[in-house]
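Asker: sequence and predicted model, in that order:
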Amino acid sequence: MPYKLYIPGPISVSEKTLRAMTQPMIGHRGSEFIALYRSLTPALQALFGTKNSVYLATSSAWGVMEGTLRNVVRKKVLCCMNGAFSDKWLDVARRCGLDAAGLQFDWGKPVDPAALRAELAKGGYDAVTIIHNETSCGCLSDLPALAAVLREFPDVIAIVDTVSSFSAVPIDQDALGLDIVLAGSQKALALPPGLTVFSVSPRARERAATAPARGYYFDLVEFEKNHEGGMTPSTPVIPLIYALRSKLDDIAAEGLDARYARHVRLNRIVRDWGYAKGFKLFPEERFASVSLNCFANTRGIDLPALNTKLKARGFLIDGGYGKLKGKTFRISNMGDETDATIAELLAALDASLAEIGA
Ligand SMILES: *Cc1c(COP(=O)(O)O)cnc(C)c1O
């Protein structure tokens with residue numbers, strides 16, 4: 001039986017989006033593609049809160065997370081770590097041969113602005129990585145507070161992963177002075193995986209232009225040159241770009257404020273359901289994500305058994321990421337969810353919990 005994904009990415013993709021992907025192929029250097037590419041920029045800029053160029057990369061988010069490091073780190077990068085993805089970013093920086101240090105917090109705790117300031121004040125850093133919404137533990141850091149600290153260190157280029165918050169939570173790149181902000185297609189945008197959108201400041205590109213080993217595939221200078229012509233450096237994943245076009249139309253029809261408010265509302269409904277069932281949130285509640293809920297498995301329920309029952313009803317949730325497997329469970333409310341679809345999920349969860357005697 002087919003089942004609907006409530007794991008925090010990939011999430012389910014609407015029929016409309018899937019149909020958009022099946023349009024006839026076009027050449028990526030022709031006028032149709034250039035018109036398509038250029039039509040995306042204003043809506044993407046509104047979602048990023050920026051006037052910067054927004055680029056499209058044919059890769060999952062990690063491609064851009066790695067590639068931007070190779071473009072902007074000349075001295076040393078500080079990786080803010082509070083979960084599986086942000087921890088991994090330090091590892092990725094080192095695998096690129098870069099000088100890198102970690103600023104570590106417990107999983108479920110936000111990145112602390114005072115600790116960031118204290119570490120950067122030691123000197124020697126020229127870049128920082130931050131994950132806005134740590135999907136592995138459902139923790140949303142205070143981006144405005146962190147950005148205020150970063151503005152005290154003008155030589156430090158900020159690379160911010162908004163992979164699971166983009167289009168679910170407002171992002172104000174220009175107001176916050178963030179240099180590079182990136183998001184993948186399979187999270188809140190509810191597209192299939194394989195496309196990453198990212199917005200880059202002129203000063204990040206200036207830094208990139210001086211980086212001798214920035215490579216080609218993620219070269220920010222190449223991205224800008226091609227962007228000016230309404231194109232990507234290499235052949236892009238055109239079906240996903242059709243899907244993005246369709247999704248940006250959906251977002252415009254709903255309106256940004258309504259979209260953000262819907263994510264807050266549905267997130268709260270799922271959270272209240274969890275509380276009523278006797279679960280606690282895993283992250284500190286003040287910093288809990290708006291696009292998913294990560295519950296601590298405080299009742300020690302058999303999560304694989306729960307998911308087996310859920311799947312039979314047409315749903316799947318996540319049974320914990322990495323070292324939190326079995327200890328937490330995560331439910332996404334990203335994408336196209338409505339009050340009605342969330343109510344269906346919660347009814348299936350109730351029935352499935354009852355069936356496993358929990
Ligand atoms: C999913 C996710 C990623 C990794 O994305 P890929 O698509 O696997 O490259 C990175 N960061 C965050 C916060 C994520 O949620």
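Answerer: Received the coordinates, thanks.

Asker: drop to CA atoms for contacts and neighbour counts, all remaining ones
Answerer: OK.

Asker: stretch 190-202: how far from the chain's middle?
Answerer: Stretch 190-202 sits 9 Å away from the centroid of its parent chain (Cα atoms, centre = their mean, to the nearest Å).

Asker: in that stretch, what's buried?
Answerer: Using 16 or more other Cα atoms under 10 Å as the test for burial, stretch 190-202 gives 190-201.

Asker: tell me the one among those residues nearest to residue 269.
Answerer: Closest approach between the buried residues of stretch 190-202 and residue 269, by Cα to Cα: residue 190, at 20.0 Å.

Asker: for that closest one, which non-adjacent residue is closest in space?
Answerer: Excluding its sequence neighbours, the residue lying closest to residue 190 (Cα to Cα, 6 or more residues apart in numbering) is residue 335, at 4.9 Å.

Asker: and the stretch 1-150 of the chain, which of its residues are near the ligand?
Answerer: 60-62, 85, 131, 133-135 (Cα under 6 Å from any ligand atom).

Asker: which of the buried residues of stretch 190-202 sit farthest apart?
Answerer: Across the buried residues of stretch 190-202 (Cα to Cα), the longest gap, 27.0 Å, separates 192 and 201.

Asker: is residue 103 in a helix, a strand, or coil?
Answerer: strand (DSSP: H, G, I helix; E, B strand; the rest coil).

Asker: tell me how far residue 5 lies from residue 12.
Answerer: Residue 5 is 5 Å from residue 12, where distance means Cα to Cα, to the nearest Å.

Asker: so residue 308 is in which element?
Answerer: Assigned by DSSP states H and E, residue 308 belongs to helix 303-312.

Asker: just the residues contacting that helix, thanks.
Answerer: Helix 303-312 is contacted from outside by 1, 3, 315-317, 319, 326, 329, 348-349, 352-353, 355-356, using Cα atoms under 8 Å, 6 or more residues apart in numbering.

Asker: out of the residues of the stretch 1-150 of the chain next to the ligand, which is nearest to residue 115?
Answerer: residue 131 (15.5 Å).

Asker: what segments of the stretch 151-300 of the chain are strands?
Answerer: Counting by DSSP state E, counting those that start in this stretch, the stretch 151-300 of the chain has these strands, from start to end: 157-161, 180-184, 196-200, 280-281, 292-296.

Asker: and the second one, what other elements does it pack with?
Answerer: Judged by 3 or more Cα pairs under 8 Å, 6 or more residues apart in numbering; DSSP states H and E, strand 180-184 is in contact with helix 61-72, strand 157-161, strand 196-200.

Asker: could you redo the ones you listed as TSV and give each row mean pLDDT?
Answerer: Converted to TSV, those look like this (pLDDT from 0 to 100):
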stretch	mean pLDDT
helix 61-72	98
strand 157-161	98
strand 196-200	98
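
Asker: right, and those - which one's nearest residue 95?
Answerer: With Cα to Cα as the measure, helix 61-72 is the member of these nearest residue 95 (9.4 Å).

Asker: please report the distance of residue 295 from residue 301.
Answerer: Look at residue 295 and residue 301: by Cα to Cα, they are 12 Å apart.

Asker: looking at the protein, which helix is longest?
Answerer: helix 256-276 (DSSP state H).

Asker: quick check: mean pLDDT across it?
Answerer: Across helix 256-276, pLDDT averages out at 98.

Asker: please apply the same query to stretch 176-194.
Answerer: On average, stretch 176-194 scores 98.

Asker: repeat that for stretch 142-152.
Answerer: Per-residue scores along stretch 142-152 average to 98.

Asker: which residues does that stretch contact?
Answerer: Residues outside stretch 142-152 that contact it (Cα under 8 Å, 6+ apart) are 110-114, 116-117, 132, 156, 158, 176-178, 287.

Asker: biggest separation within those, which pair?
Answerer: 156 and 287 (25.0 Å).

Asker: who's more crowded, the two?
Answerer: residue 156 (23 against 17; other Cα atoms under 10 Å).

Asker: list the contacts of that one.
Answerer: Residues near residue 156 by Cα under 8 Å, 6+ apart: 125-128, 150.

Asker: check what pLDDT it gets.
Answerer: In this prediction, residue 156 carries a pLDDT score of 98.

Asker: re the thing from before, turn the strands of the stretch 151-300 of the chain into CSV, including distance to the ligand.
Answerer: Below are these laid out as CSV (distance: least, Cα to the nearest ligand atom, whole Å):
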stretch, distance to the ligand
strand 157-161, 6
strand 180-184, 6
strand 196-200, 8
strand 280-281, 18
strand 292-296, 10
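
Asker: returning to what we had before: which among the buried residues of stretch 190-202 gets closest to residue 344?
Answerer: residue 190 (18.7 Å).

Asker: per-domain residue ranges of the chain.
Answerer: 4-10+255-355, 15-252 (automatic domain parsing).
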